[in-house]
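**Q** Please find the sequence and the predicted model below.
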Amino acid sequence: MSDRDQIIDPGIIFVALFSGINVGGNRIVKMAELRSFFEDLGFSDVATYVQSGNAVFRAKKGDAATLTKQLETAFEKKWGFYSRIMVRDLSWFERLVNENPYPEVAGDHTKLHAYVMEREPTADEVARLTEKCTGPERFEIKGDVLYLHAPDGLGKSVFAGLIPRTLKVPGTARNWRSVQALLEMAAPAGGK
């Protein structure tokens with residue numbers, strides 16, 4: 001096999017979800033600067049989606065946990081504030097979409113959200129959250145993802161505001177349009 005015929009490891013596609021940036025005019029991070037940040041760290045095929053802090057990138061080495069620590073440390077050093085970052089690989093993200101328990105509402109992105117959590121909640125944590133779900137909302141947890149159907153929209157959902165402080169599992173939420181857009185961005189890159 002000649003050098004030319006050797007397969008170069010293209011790396012693995014990951015999605016990074018940032019928490020608490022560009023909210024209410026605070027902690028501003030421009031997406032062009034975020035793309036450069038990833039490239040400066042040696043990642044390739046970097047793309048961002050909307051201003052809330054979503055990035056798709058390719059890494060030649062590392063896993064989600066290692067990359068999360070690396071990105072959080074470098075981010076805080078560069079911007080001077082901490083942002084919790086959820087890093088997941090493409091296969092995890094595909095599973096998130098495929099396991100949606102509410103496919104009948106997936107077409108209305110304002111009513112379906114996915115909360116990506118640091119870890120799977122315990123049975124006690126889920127039981128406490130279930131007690132608080134007394135409105136029109138419904139939710140299901142699959143591993144480290146909470147799927148929320150809020151028929152009146154997230155902005156009008158009292159229950160949505162209770163999720164973080166009741167569950168006490170750090171995470172970040174994305175509407176279904178963002179989830180689908182990120183998968184579309186990541187999937188073609190995964191096939192390169």
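**A** Now that the structure is in, tell me what you want to look at. Residues are numbered from 1 along each chain as shown.
**Q** Mind jotting down where the strands sit in the chain?
**A** Shown for the chain, the strands assigned by DSSP state E span residues 12-18, 44-48, 54-59, 85-89, 112-117, 138-142, 145-149, 171-175.
**Q** how about TSV for those, with mean pLDDT and distance to Ser157 added?
**A** Quick note: C-beta positions are derived from backbone N, CA and C, even for glycine. Listed next are the strands of the chain as TSV, based on pLDDT from 0 to 100; distance: least, CB to CB, whole Å:
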stretch	mean pLDDT	distance to Ser157
strand 12-18	95	20
strand 44-48	94	27
strand 54-59	95	22
strand 85-89	95	21
strand 112-117	96	9
strand 138-142	97	10
strand 145-149	98	8
strand 171-175	93	11
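**Q** For Val126, which of those strands is the nearest?
**A** Val126 lies closest to strand 138-142 among those, at 5.9 Å (CB to CB).
**Q** What residues of that closest one count as buried?
**A** 139, 141 (16 or more other CB atoms under 10 Å).
**Q** Name the strands paired with it and say parallel or antiparallel.
**A** strand 145-149 (antiparallel) (DSSP bridges).
**Q** CA atoms only: put the strand it pairs with into CSV for me.
**A** What follows is strand 145-149, C-alpha atoms only, in CSV (Å, rounded to 0.1, in the frame of the first residue of the first chain):
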residue,chain,number,x,y,z
VAL,A,145,-32.3,13.2,27.4
LEU,A,146,-35.6,14.6,28.6
TYR,A,147,-38.1,15.1,25.8
LEU,A,148,-40.7,17.7,26.6
HIS,A,149,-44.0,18.3,24.8
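**Q** List the contacts of it.
**A** Strand 145-149 is contacted by residues 96, 99-102, 105, 111-117, 121, 137-141, 154, 157, 159-160, 163, 167, 171, 173 when judged by CB atoms under 8 Å, 6 or more residues apart in numbering.
**Q** hmm, 6 Å instead?
**A** Strand 145-149 is contacted from outside by 96, 101-102, 105, 112-115, 138-140, using CB atoms under 6 Å, 6 or more residues apart in numbering.
**Q** Of all pairs in those residues, which one is the farthest apart?
**A** Leu96 and Arg138 (17.6 Å).
**Q** Can you tell me which of the contacts of strand 145-149 are classed as buried?
**A** Counted by 16+ other CB under 10 Å, the contacts of strand 145-149 give 96, 105, 112-115, 139 as buried.
**Q** Turn the strands of the chain into CSV, columns for distance to Ala74.
**A** Shown next, in CSV, are the strands of the chain (distance: least, CB to CB, whole Å):
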stretch, distance to Ala74
strand 12-18, 12
strand 44-48, 14
strand 54-59, 13
strand 85-89, 10
strand 112-117, 20
strand 138-142, 31
strand 145-149, 26
strand 171-175, 18
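**Q** among those strands, which is nearest Leu129?
**A** Comparing the strands of the chain by CB to CB, strand 138-142 comes nearest, at 7.4 Å.
**Q** Quick one: closest of the strands of the chain to Leu67.
**A** strand 85-89 (4.7 Å).
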